[in-house]
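# build the 3D model from these lines:
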Amino acid sequence: MTPPRRIPLSIIVPTLNEGEAIGQALAALQPLRARGCEVIVADGGSADDTVALARPLADAIVSSEPGRARQQNAGAAAAAGEVLLFLHADTRLPADADALVADGLGRSGRGWGRFDVRLTGRHPMLRVIERMMGLRSRLFGIATGDQAIFVRRDWFRAVGGFPEIELMEDVALSKALKRRGRPLCLHETVTTSSRRWERGGVYRTMALMWRLRLAYWLGADPASLADRYR
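Numbers count the residues shown, from 1 in each chain. Predicted structure coming up:
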């Protein structure tokens, strides 16, 4: 009997009405698929053509109730990779992300990590935000979804996956993983859309995110924070 294919890395992309972006997002992952990585789209009930566009460019499509935490947990449950990488549809990995993750985890002996971030916009304050995001991770051992969190499958299972809360699920996962060990902070960058920052105003959005994170650390209900975020 042929042994099952060894899959080093499963990339899980949560989607909800991402029809305009999903084609380009998944096209960028095809070289990684060709090298043996698995791509799973975790859809939260898109009403547009997201799923139809994604189907030929992914190894699997899984469906769940909407909510990034629920969707990513559903994707992880279907994944076969030894390492899980959670990727937003508006974020692009470096071309050698598979090697960077495998070599980094193997060399460091750590169980999880994230990339540095490059935001797409030209506003000078975005360069400051990028550096602050990287510094925060290195100082406090916390990562966010924009940084393409990756984690060994056994570590992810040991902490119970993403807490199924409405916002800050990435921070909550980081806190749980940090209790097992600090993250591997790769200096190589993922490129993330700055549309959220530019749409709401760079300074206003930065202030909002700081307030939301502070409120979360002080014990605020994630559902109420999600309402404020939206």
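
# look up how far Asp90 lies from the residue nearest to Thr91 when sequence neighbours are not counted.
Residue nearest to Thr91 in three dimensions, not counting chain neighbours: Thr192, with 4.6 Å by CB to CB, 6 or more residues apart in numbering. C-betas here are computed from N, CA, C, even on glycine. The spacing between Thr192 and Asp90, counted by CB to CB, to the nearest Å, is 6 Å.

# quick one: which of those two has more around it?
Thr192 (24 against 17; other CB atoms under 10 Å).

# for beta bridges, what are the partners of the more buried one?
Thr91, Leu119 (DSSP bridges).

# so what's the residue nearest to Thr91 up against?
Counting by CB atoms under 8 Å, 6 or more residues apart in numbering, Thr192 touches His88, Asp90, Thr91, Arg92, Val117, Arg118, Leu119, Thr120, Asp146.

# may I ask which two of these are separated the most?
His88 and Arg118 (13.8 Å; CB to CB).

# which parts of stretch 198-213 are buried?
Glu198, Val202, Thr205, Met206, Met209, Leu212, Arg213 (16 or more other CB atoms under 10 Å).

# stretch 122-137 too?
Leu126, Ile129, Glu130, Met133, Gly134, Ser137.

# could you list every residue that touches Gly200?
Applying CB under 8 Å, 6+ apart to Gly200 gives the contacts Leu208.

# secondary structure element holding Ala99?
Assigned by DSSP states H and E, Ala99 falls within helix 97-108.

# elements contacting that helix?
Counting contacts by 3 or more CB pairs under 8 Å, 6 or more residues apart in numbering; DSSP states H and E, helix 97-108 is packed against strand 9-15, strand 83-86, strand 112-119, strand 150-152, strand 184-192.

# reformat those as CSV; add distance to Ile22 and mean pLDDT.
Shown next, in CSV, are those (distance: least, CB to CB, whole Å; pLDDT from 0 to 100):
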stretch, distance to Ile22, mean pLDDT
strand 9-15, 6, 98
strand 83-86, 16, 98
strand 112-119, 20, 97
strand 150-152, 21, 98
strand 184-192, 16, 97
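
# pretty sure Gly160 sits in a strand.
No - counting by DSSP: H, G, I helix; E, B strand; the rest coil, Gly160 is located in no strand; its state is coil.

# okay, now it: neighbour count?
Residues lying near Gly160 (other CB under 10 Å) number 11.

# repeat for the one 4 residues further on
Residue neighbour count, defined by other CB under 10 Å, stands at 18 for Glu164.

# doesn't it belong to a strand?
No - using three-state DSSP, the secondary structure at Glu164 is coil, not a strand.

# which ones are touching it?
Counted by CB under 8 Å, 6+ apart, Glu164 has contacts Gly67, Ala69, Arg70, Asn73.

# among these, which two are most distant?
Gly67 and Asn73 (9.4 Å).

# what's the burial count for Gly36?
Gly36 has 13 neighbours, counted by other CB under 10 Å.

# I'd say it and Pro8 touch.
Yes - contact criterion CB atoms under 8 Å: Gly36 and Pro8 qualify, at 6.4 Å.

# give me the common contacts of the two.
Asp98.

# could you report the neighbour count for Ser46?
Neighbours of Ser46 (other CB under 10 Å): 20.
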